[in-house]
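S.K.: Here is my input, please return the structure:
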Amino acid sequence: MLLLLKILSQLAYPLAASWLLAAGGGFLLWRNRRRTGGWLLALALTWLWLWSTPAFSDWVRSGLEQRYPPARIEELPTADVIVVLGGGMDAAKPPERLYPDLGAAADRVWHAARLFHARKAPLILASGGRLPWSDVDHPEAVVIAELLQVFGVPEAAILLESDSRTTRENRDYCLPILQASGARRILLVTSALHMPRALALFETTRLEVIPAPTDFEIYQGRWHLMRWLPDARALADGTRAFKEHLAILINNLTDDEDNTSAAGGG
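M.R.: From the prediction side, this is the model:
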């Protein structure tokens, strides 16, 4: 089911959607339906160009990041547990990769360590599993725990949730661990781009959830013509924002269905 959802999501992303539109337009042109085919081709090119421009990519991402602005550590309240969500690290895979690969979102781990050393909570719960099509042997939570110890967090202060593959599973699999630890208030650490989706899921629980976003990508820049020219990095960044909006929509629809079933006794 996870693989099917992943494939369908990939087809909805800007690059794949543009190719599908272009293919449909080409087919209609071949069938001598020039007007409709031409419109589809124009739509495909416009859609791909839009998501490939740095200006639009930054605008879409900033709309997510600005929902929960950065907060100084001293301004955050204390909590029972710091929950740090995986998504920015790949485990080592010898002989090609001798050490874990730290992606941009690895800022999450460093921020969790900052909060711990500021005595904002006595425990850190690292959440992250391994995708079934991944060829690594260790779940991400284990890699996070290793890096936290490098940052000076004692092993005894680290809890592990190493089975989740999605943000929804992050929440579902963290809950029993948090309940067992007696946690009532948590500091939720994830990338600013990912925080709206993650927080919405964790807030459906009985926990008091305090957002502690990190890994902010967007800053106020100046207008420039170059920012409206296609760029491969902008397409990748914009696609990540598209993914977040799509996942938020899916989560909202799923939660509505769950609430309807519960109300009807189903």
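
S.K.: Which strand or helix spans Trp110?
M.R.: helix 107-117 (DSSP states H and E).

S.K.: So what touches that helix?
M.R.: Outside of helix 107-117, the residues within contact range by CB atoms under 8 Å, 6 or more residues apart in numbering are 73, 76, 82, 84-89, 121, 124, 126, 144, 147-148, 151-153, 157, 187, 189-191, 212, 214-215. To be clear about C-beta, it is placed using only N, CA and C from the backbone, and glycine gets the same treatment.

S.K.: Just the buried subset of these, please.
M.R.: 76, 82, 84-89, 121, 124, 126, 144, 147-148, 153, 187, 189-191, 212, 214-215 (16 or more other CB atoms under 10 Å).

S.K.: Which of these fall within strands?
M.R.: Secondary structure assignment (DSSP state E) places 82, 84-85, 89, 124, 126, 187, 189 from the buried ones among the contacts of helix 107-117 within strands.

S.K.: is the closest residue to Ile144 other than its chain neighbours in a bridge, and if so with what?
M.R.: What sits nearest to Ile144 in space, not counting adjacent residues and going by CB to CB, 6 or more residues apart in numbering, is Ala126, at 4.0 Å. Beta bridges link Ala126 to Val84, Leu160, judged by DSSP bridges.

S.K.: where does Ala126 sit relative to Val109, distance-wise?
M.R.: When CB to CB, to the nearest Å is applied, the distance between Ala126 and Val109 equals 8 Å.

S.K.: shared neighbours, the two?
M.R.: 84, 144, 148.

S.K.: pretty sure the first one contacts Val143?
M.R.: No: taking contacts as CB atoms under 8 Å, Val84 lies outside contact range of Val143: 11.7 Å.

S.K.: and the longest helix for the protein?
M.R.: As assigned by DSSP state H, the longest helix anywhere in the chain is helix 232-263.

S.K.: which other helices and strands contact it?
M.R.: Based on contacts counted as 3 or more CB pairs under 8 Å, 6 or more residues apart in numbering; DSSP states H and E, the elements that helix 232-263 packs against are helix 2-12, helix 14-30, helix 34-51, helix 54-65, helix 195-202.
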